[in-house]
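Undergrad: Give me the fold of what follows.
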Amino acid sequence: MFLSFYLRTPGQEQVESEELNNFMSSVLHYNIDYENEIGDLIKDCTNYDENCEILKTELGEILENSWKVEIGSSVKGYELNITSKDKEILFLNKGEITKNNKVISQTYSDSEITFTVYM
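TA: Numbering: from 1, shown residues only. Alright, predicted model coming up:
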């Protein structure tokens with residue numbers, strides 16, 4: 001299966017809801033290797049406490065490469081939170097929290113994934 005990974009276009013002024021939807025869909029199906037997708041790692045981490053460090057590393061790299069938090073960028077920060085049955089599975093953040101933000105929440109397997117971009 002071939003999947004094109006979604007990357008932001010530098011210099012965009014606003015983050016659109018469709019952009020977040022596309023990003024989330026791409027991330028969940030992003031192949032780590034020939035057998036595992038990010039979604040598989042989320043299931044493993046949620047159900048068996050396995051592969052959590054790999055999940056953290058891979059998602060950290062994806063976020064770092066996709067959402068540039070730097071001077072002059074329209075993106076001031078982000079947060080990714082994955083929970084299951086009121087237990088935090090993974091929390092990654094960078095930058096500053098502002099009142100201007102876009103949020104997407106999605107249920108995946110037994111997990112709730114919430115991604116917030118601050119502008």
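Undergrad: Report the secondary structure state of the residue of the chain most remote from its centre.
TA: Outermost residue of the chain with respect to the C-alpha centroid, by C-alpha atoms, centre = their mean, is Gly72; its distance is 22.0 Å. Counting by DSSP: H, G, I helix; E, B strand; the rest coil, the backbone at Gly72 sits in coil.
Undergrad: With Ile62 instead?
TA: helix.
Undergrad: Surely it touches Tyr30?
TA: Yes - contact criterion C-beta atoms under 8 Å: Ile62 and Tyr30 qualify, at 6.7 Å. In short, each C-beta sits where N, CA and C put it, glycine included.
Undergrad: what are the ranges of the strands in the protein?
TA: With DSSP state E, the ranges of strands along the chain come out as 77-84, 87-95, 101-108, 111-118.
Undergrad: so where's this structure uncertain?
TA: 1-14 (pLDDT under 70).
Undergrad: nearest residue to the residue sitting nearest the centre point of it other than its sequence neighbours?
TA: What sits nearest the mean C-alpha location of the chain, by C-alpha atoms, centre = their mean, is Leu80, with 5.5 Å. Counting by C-beta to C-beta, 6 or more residues apart in numbering, Leu80 lies nearest to Leu92, which is 4.6 Å off, once chain neighbours are set aside.
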